[in-house]
Structure formats: C-alpha cells, structure tokens
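**Student:** how does the following fold in three dimensions:
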Amino acid sequence: MNTQFKRALSGATCLRGAAVVSALVALSSPVAAFAQDAPADCVDGSGAACGKEATIVVTGSRIRRPDNYKTPDPVQVITREETTQAGFNSTADVLQSTSVTNGTAQINNSFGGFVTAGGPGANTLSLRGFGATRTLILLNGRRVAPAGSRGSVGSADLNVLPSAMIDHIEVLNGGASSIYGSDAVAGVVNIITRDKVKGLQLEAQLNAPDNGAGLAQRYSVVFGYNTDRLRLSGSLEFYDRGAMKVGDVDWTQCQISYCKLNASSAPGTGDFIDPKTGQPKCYPTGSTGESGVTINTIGVPNFAGSIVDLAAGIPTGYGTLPTSAGFGSAPTTTTIGGPANNQQVCNRFRPDSTAAGALPGWECVGGGALSLGIRDTFSPAILNNDLISPARVYTGFFQGAYDTGVLGDAQVYAELLLNRRESSQTQNRQFTIDYPWKSPLVPASLTFPVRFLPPQASNPGVDVGVRVFADYGNYENRQKVDFIKATGGLRGSLPADWRYDLTFSKSWSDSDYTSDLILTNRLNQSLDVVASGSGFACRDTSNGCVAAPALTPAVVGGQFPANWFNWVTQPVTGHTAYRESTVSLDLDGKVFDLPGGPAQVALGFEYRKSSIDDTPALDSQNGNLYNFTSSSITRGSDSVWEVYGEAELPLVRDTPGIEDLTFTVSGRYTHYKSYGGQWTYKFGGRYAPITWLAFRGSYGTSYRAPALFEQYLGATSGFQSSAGDPCNNLTSASNPVRVANCASEGIGTGFSATSSIAVLQKGGAASGLKAETSKNWTVGAVIEPSLGAFGDLSFSADYFNILVSNGVSQLGYSTILQQCYDDPDFRAESICSYVTRNSAAPYNLTVVTGYVNISTAKVSGYDFTMRYAVPVGPGKLTINADLTKFENRYNQTLPTDPVTNLIGTLNNPRWTGTLDVRYKINRWDFRWGLDWIQGTNSSASYLGLSQATRDTYVFEAPDYYLHSASVRYRGDHYGITVGVRNLFDRDPPQISSGAYNRIGNSPLYSGYDFAGRTFFVNLSAAF
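**Tutor:** Now for the predicted structure:
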C-alpha cells in the first residue's frame, strides 16, 4: 500500500461511503487530520451508525469519542477508493504491501513449494515481522477466526475477507492485548465494512501482467436496502487468479549458483560449468537455494572399496570422473579401478548410447558430493512449477440491523460471512526407485555380485541392487477451504449516557487438502515380481497390482508406463476443521467530569472457545507416503474467559501552555483453561502545549496464548542423517564434555553411527506450554503548522519498541542434541528429556521436538510520516511520504544463543518508504506512486563468512524501487480507473545459493514483485 492510502486516526472522524476524511498519511504512525465537516451518514469503529454527536470508536480502544479525538497511538487508515487507484485486486494484496508491512516478509502466493502455517494457499499478515500469530485481524471490531488446511492452522487467512464490502481498513502497529486479548502483540488490523448501502453497485477489475500469465480478475455486486428502522446490505464476489509459471518469466528460466567468480577465473569457487554446454549449470543441486535434484541417473555399487567389499572378478574401468583438482573445472578424467583410487569412486551413471567400457551405454557421473554438479539436475517440469499459484475465491457477505425502539432504543444486528477458496500449487519432484538386488527387472549388465544399499526403511528386508533417480514430473497440491462466520447481537442505550453491546459469534473453517503422492506399499508390491509370459507380474496380485517396469534408459529418463504410474500414485486427502465461538458484553459511558472534559470508561466480558481437528489421510497417518514424513491427528480445544476495563482521563484542555493533556489506561485479566490466568495493562498519553505541536506515547504489556496447533500438533515422524549423531566419529581431541557424556552411554571414541536419527515432532500441551508475553512502548511527536495559502503540512515521528519474552518456539533436533550432549549436567537437564538412545549397538537415537516457552524476540525502530496538500491551478496537489527505519530485530531461540541483529541482512531492510503524488481536478484523479526497499549489504557478516567467501558469493541486494501510475475518472453513476504497477518492469535482485531460499536466483521474499509490469483496469457502476 502506498503512502497515499493511509490516513491518520490521531484525529479520526466518521466515514461515509468509500471516502475517509482527509488526514495525514503514515506507514505506522499517522498523525493529526485536517478538519472537515462530518458527513451525515457515518459509521463507528464497529460498523454501527454514528449518533447525532458524531462519536467514533477507533481501533485500539473501546471508548466512544468525539470525531476530532486524537489518539496516543498512531493508527493508519486505508480507504477502498485508494486501494483501487493503487491497482490492488484483493484485500490480501493491500495488507501485504510494503507500506503496511514496512518491508517485512509475508506468506503470499509464491510459497507454494514450502511448508507454511495455515497450509498452502493461505495468505497471512505479520506486522513488524513478528509472525502472523502475533497479529490480530478484526472484522468490524470482532476477531476473525483462523482458517486454512493441515495441522498448523492458527492465523486468519486474508482470503476470507469480503473485499467488495470493505469501506476502509484501520491498522494499529503496537500491542493491544489489554483491549482485545490474545494475539494483539505486534498490532491489530480492523476491517470496517460499508454501512447504509443503497441500490445496486457493480464492479469489475482485471490485473494483467505484461508477460501474459497470471491474470487476476474480480467481479462483484454490492446491494443495500434501508428504511427508517431497517438496514440491509451485502455483497457477492468472485476472484480468480491464474497461475504464473516459472517458465513465464526470464529471470527464473535458469537458476545457477550465481557466484561472483566463475571456474575459469577461480577454480573451485565459482558456478559449476556444465561440461555439456560449457555454461553455468541450470538448476544445480547440493546446497540451499538450488532447486535441482539428481535425475536421469542410476546408483550402483561402489567399486573402489570404500563402501562395500569387492567380490573377486569385478572388472575395473567403470567409467570416468572429473578429477578432484577443481570442482567446476574443465573435466579431465581418470580411470576408476580399485583400492589405489580410493578417493575417486564411481557409483552414479546416466544413459549414454555412445559410452563404452565395462558398462556400455552408461556414462559415469561420479559418486559423492564433488560430482553432484555434473549430474543431470534440470527437468523441463521445473519450468511448469508455480511462481505465483492460482486460486479461485467465492465470497458472500450480508449484514443487517433493526431498531426495535425498546430496551434503550435497542438495535438487533447480524452479520454473515461465507467464503470458499479453491487453490492449488504445482511443483516437481524426484522419483527414486529402489530395484531389489538380483531382481528380474534389472538387466544382467546392471546385476552385480554386491548390493548397492542395505534394506531401507521404506522397504525393510529387501536389499537394493540399483537405485534409479528419475524425474517424477509435476505433482499438485489442492485445497478447498470453506469458511463461515455468523454474528448476532443487541446494542442500545442505558441511563446516564451509557451504552451496551451484547454479541454472539460462531466461526467454522472446513478444508479438504489433497496431494498426488506415491504409496510406499504399492510401490514395494509392484517391485516384487515374477516372470509372466514375455513380461512380469506382481507376486502379490491383490488390489489390482501392476508390475513395475523393467529397468531401462527410458525409465531412468522418467518415461513410465501409465498404468503402473497411475497405480502407485494416488490422490491423498486429509481434512481440517477449526471452530471458534465467542460471546461478549461491552459497556461504555461517562463517569465524572474533569477540567479537560468528561472521564469515560469501557468495561467488558468475553468468553471464547476454540477447537481444531486435523485428520490426515490414513496413508499419511500410517507412514505410507513414499519419501514423505508421516502425520498424526491434531485434535484439541481450549477456552478462555476475560474481563477488561479502560479509562480516558482528559486532565486539561484549552489552557495556555496546555492545549491538551489526556491520559488513557486499560487492563485485562485473562484465564485460559489450558494454562491459567494473567494480567495485561497499558498506559498512554497525549500532551499538546500548543495547537500545532503534540507529543504522544504509550507503554503496555501484551500476550499471545499458544495456538491450538502448538499445543496439540499431532506427532509427525521423520529421519535425519546419522552424521548428526553427537557421538559420531569422536576422537580424543573432541569436546571433552561430549566425549564423557557419550561414554556414559557406553559409546567410546571412534564410534561410527550407522542408523538414521528418528525425529518425532509433536505439540507442547503435555509439557505445560503457556502464553508468551511482551512489552511494548512508543513515543513520538506530531507537528501541524498552519501555512495558510501555502497549503497544509503535517509531520510525525514515532519510536517503537516491542520485546517478546517466554516466546513459543519449536526446537530443532540438532539444537536439542547439541544442548544436551554438550551440557556438563548431562541427563540432569530438562532438554535431555527429549532425547532417548538404545542402550545397545547400534545405539539408535530418537529426538522429540515440540513447542516450548523458551525464545525471545525484539524489534525497534522509527516511523516518519509527512503530508503536504496545496491548491495548484484548478485542482489540488497532495504529496504523501513515509519512511520506516528499523534499528533492531532479533530472534533468540535459547538464552545461550548469541543476540544477532538481523536488520540490514537480506529480507530485513533497514529503511523502507513510500511516496505518493496525487493531483485531483474536478472528476479526474491522477496518481504516481513509489515503493522503496533499501538494499542490504551485511548478510555476509551475519552468516559469518570469510573475506574469501564474500569475494565469491553474492549475499547482498541493491536498493529496490517500484513505480506505479494510474488515472481515475468518476462520473455521476460510474467510474473507471486504469493504471500500471511496476511501471519499469523491475526484476527482483539476484543472490547466490547456499544460505537463503530462492526462486530462480532471487530471494524468496514478499517485498519483491515477481509478477513484473502489470496493467490494471477497474470499472464500477451504481444503480
């Protein structure tokens, strides 16, 4: 969201239709508004009609206030009209834009190939970069329940929001748990819907990227009917975003290591030069951020004697291999032949009809890490992966209110939100096929006297003769997520100018998630064959078994018989259900008068109950998904009751030297069934010595109760390399503490671990998981000098600081092992309770990872905002600018971990900013916008890289600028907006592999525009 789309509510007023009062624009700390006459039709912060006094409820408070009230906390406002001019086509796009997120990373539609909370396709918001579970999303002042798929559902999915019905969005960047309860740690976003809609309104918008892919289109109808006592309104909309593939953009076509030096100038340090092309290898494999995997290759026994003993008579000369003199150098060769060449082994081959030697038709591509680069790793299927994944979203929103005329002019009101998301993600994968040793499916030329591998966990008891590394092609993940939120209530007046609001709300989220996966039992069954006629048949013919194909170059090349492939690959579907029920009672009114005005309070009670039930497919629960980890049922519930109080004390007003002095205070007591109770509080104030200068600030505490998935996540199992065993290959020179601890378990130096480490992941309820707590404070100043004929100017500067303690974090298995085995109080410390080891050889190791209260996180920085508006000729020129400077951000998992400031590293810019220039003349509105993310240059220091490594790899990014422009015309009953985003078609910067997840050569980071130049048009009509 560009600067122009934010309006300060430090001087908030009522809102009408799609327009908000002209106010100062701000990223995180908007300032005072320019006064305008209050419109006749307006809404308060909960969507209710404003009274004759034109009072409002501003996000961050429950107290009704005059329309010229100025808050101690900065609140930014984003209007519907402004989002249209910016070219945003969904509420998710608006909230994940740079000016709302300050350049912090968000989970968007480019994360289809990664495991994310809420499941694939979910879009979430992480204010200040603190994570989606620390940002609270409200709809008309009431919490939006989590939605999504799989076991880690814990945050609101922005896809459920009714974009067509939104009037404006209020964003509070700061803690507010004393007002709203759990999750309001980094901030609160309040979505306000349109009120008193009349007639019928139609709207259509298309966003078309210049590359011809990824078309996004939205069509909506909004309707309303009003009488003196009844108001009914609603919307229906359809949003369709097409897929943009990796092959649709130039900068993802060939992912390389992207080193500063290449092999010719510095052997062993640059990009691997593919001997087939003489160019840097596309989609290599072997390190983080390299998306290739070995394909078109077989693994056979190692004939150099380093893995298995040689049998007599095994011939030498099984191919050639690049020498170890220079990884990536022009491939010179040496013959692989016996123990004398123990450092040069060959156990990987690819089909090559011209290859001669002991394995005619097969070319050696090495064995071991050094030879990864020479293997085939690029599959054309990679280009069909989703760069931006597709989705279809259907949304209906209905609201109504009826004035009863009784019970204090009580108003009965109701809301109903209906939403369905159908999303999918296309990715590619490797297909490894372990042909059994001496299987009739393996030709005689590839049947050796020794096995390639011992029996694997996926097929116990069966030795592996040859392993095929083939290209599976593309596979798809699909989700259908249904979300319903129903709300009803009664509100009205009480004596002494008090008001009440009694609300009931219920949310349902149900999702089916499906993946096309290989079933382990079917694969193994198909590989156990007997001769049948001229071919083969399954030994066990149950379930319609189709025999695996004989091992041929075609199979190695990913060409599988369709009937066999379709039999071993099946759609696997799980189901997730999330429920949340809420009942609340809010009271507010005046209690006594102070010199600065009436003291006001708000009191309330809330009860909330939530439950989650994620049931993976039986094949997933039973560990029957080939090369995928198993998943267990995630099922549990929690409930909370809360009471809160808030007071506003205007001590002095309109006095020389004290134009305004107001203090606010709030407190909340929370009691969760799962872990008990706690208090949160907040103090704030505003002091204006003169009309055009004010100081503001607040200090308070917030909390986040553990998400249900953090408490009850079903156990998932996986296996890690035996090399991670802390007792593996110890010597007398190793850490003496670790040596002693291993010896206490009967393991001496020289032990070589041969069994994989079993890793079991589960929720933290059993270990007493509690809420994480935070402290947050802000302080700032607002300047609004009167410039008369020279226009209106406003400027604000605010400092923010948030510290999260006792944070909920999931310890990695390697961290647990290191902390346990390097502790002098071995087995006496609680962290060792997550580790078990068999008492006899081979001393199998099992680690349980779960969520615990152990981490610390902090963010601090400054927000600067400026707005200048002045008449120019027949129109009005408005310039909005804002900047955010981050000073510090760190996440410390363990108290013993070093505190490392992430600011300035990749994906963590120090400065971000937006600039908007608008010129409005009669019915025309012209806009130009700029988003800026400062470049980063300190990632090398953060990663602890040597100077030589810095001279080789690229882990920094230049400044990133995105320009946009639009023109809008508004007729009496219609409007049209046309424009372009990313006007100059700026590509994301490129970095080296090895440390960060990448798409192509670019960081996986939501701050960069992957779609490229995009044209948009919005058409609207009212009847």
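
**Student:** let me know the pLDDT of residue 829.
**Tutor:** At residue 829, the pLDDT value in this model is 67.

**Student:** could you tell me the end-to-end distance of stretch 946-961?
**Tutor:** 30 Å (CA to CA, to the nearest Å).

**Student:** what's the answer for stretch 182-198, then?
**Tutor:** OK, stretch 182-198 end separation, CA to CA: 37 Å.

**Student:** please identify the buried residues of it?
**Tutor:** 182-195, 197 (16 or more other CB atoms under 10 Å). For glycine as for every other residue, the C-beta is placed from the backbone atoms N, C-alpha and C.

**Student:** which of those residues fall within strands?
**Tutor:** Judged by DSSP state E, strands contain the following of those: 187, 188, 189, 190, 191, 192, 193.

**Student:** between the residues you listed, which is closest to residue 60?
**Tutor:** Relative to residue 60, the closest of those is residue 188; by CB to CB it sits at 6.8 Å.

**Student:** got the contact list for the helix or strand hosting residue 916?
**Tutor:** Assigned by DSSP states H and E, residue 916 belongs to strand 911-921. The contact list for strand 911-921, computed with CB atoms under 8 Å, 6 or more residues apart in numbering, reads 1-5, 25, 27, 98-99, 102-103, 872-886, 925-934, 1007.

**Student:** what separation is there between the residue nearest the centre of the chain and residue 659?
**Tutor:** Nearest residue to the geometric centre of the chain (CA atoms, centre = their mean): residue 107, 2.5 Å. Distance, residue 107 to residue 659, by CB to CB, to the nearest Å: 44 Å.

**Student:** same deal with residue 988?
**Tutor:** On the measure of CB to CB, residue 988 and residue 659 end up 48 Å apart.

**Student:** of these two, who's got more company?
**Tutor:** Using other CB atoms under 10 Å as the criterion, residue 988 and residue 659 rank with residue 988 on top: 23 against 17.

**Student:** and that one, what does it touch?
**Tutor:** Applying CB under 8 Å, 6+ apart to residue 988 gives the contacts 251, 960, 1002, 1003, 1005, 1008, 1009, 1010.

**Student:** same question for residue 581.
**Tutor:** Residue 581 touches 505, 506, 507, 608, 609, 610, counting by CB under 8 Å, 6+ apart.

**Student:** which one (most neighbours) among those?
**Tutor:** Ranking the contacts of residue 581 using other CB under 10 Å puts residue 507 first, with 23 neighbours.

**Student:** you'd agree that residue is up against residue 579?
**Tutor:** Yes - between residue 507 and residue 579 there is a contact at 6.9 Å, judged by CB atoms under 8 Å.

**Student:** quickly list what's touching both of these two.
**Tutor:** The contact lists of residue 507 and residue 579 share residue 145, where a contact means CB under 8 Å, 6+ apart.

**Student:** contacts for the one helix or strand residue 759 maps to?
**Tutor:** Counting by DSSP H and E, the secondary-structure element that holds residue 759 is strand 757-762. For strand 757-762, the external contacting residues (CB under 8 Å, 6+ apart) are 632, 713-722, 724-725, 810, 813, 817, 844-850.

**Student:** partners of the one helix or strand residue 170 maps to in the sheet?
**Tutor:** Per DSSP H and E, residue 170 falls inside strand 166-172. When sheet partners are counted by DSSP bridges, strand 166-172 sits next to strand 75-79 (antiparallel), strand 187-193 (antiparallel).

**Student:** what lies in contact with the longest one?
**Tutor:** Under the criterion CB under 8 Å, 6+ apart, residues 15, 43, 45, 47, 59-60, 91, 95, 125, 127-128, 135-141, 144, 161-162, 165-176, 180, 397, 399 lie in contact with strand 187-193.

**Student:** again with stretch 966-985
**Tutor:** Applying CB under 8 Å, 6+ apart, the set of residues contacting stretch 966-985 is 84-87, 207, 210, 923-927, 962-965, 1009, 1011-1023.

**Student:** just stretch 731-742 next, same as before
**Tutor:** Here stretch 731-742 has contacts from 726-727, 730, 748-751, 821-824, 826-827, using CB under 8 Å, 6+ apart.

**Student:** where are the low-confidence patches of the stretch 651-800 of the chain?
**Tutor:** Low-confidence segments of the stretch 651-800 of the chain (pLDDT under 70): none present.

**Student:** should've said the stretch 301-450 of the chain
**Tutor:** 302-345, 357-358, 367-373.

**Student:** now the helices for the chain?
**Tutor:** Counting by DSSP state H, the chain has helices at residues 80-86, 91-95, 98-101, 177-180, 520-527, 553-556, 562-568, 618-621, 708-712, 736-743, 813-821, 939-943, 947-950.
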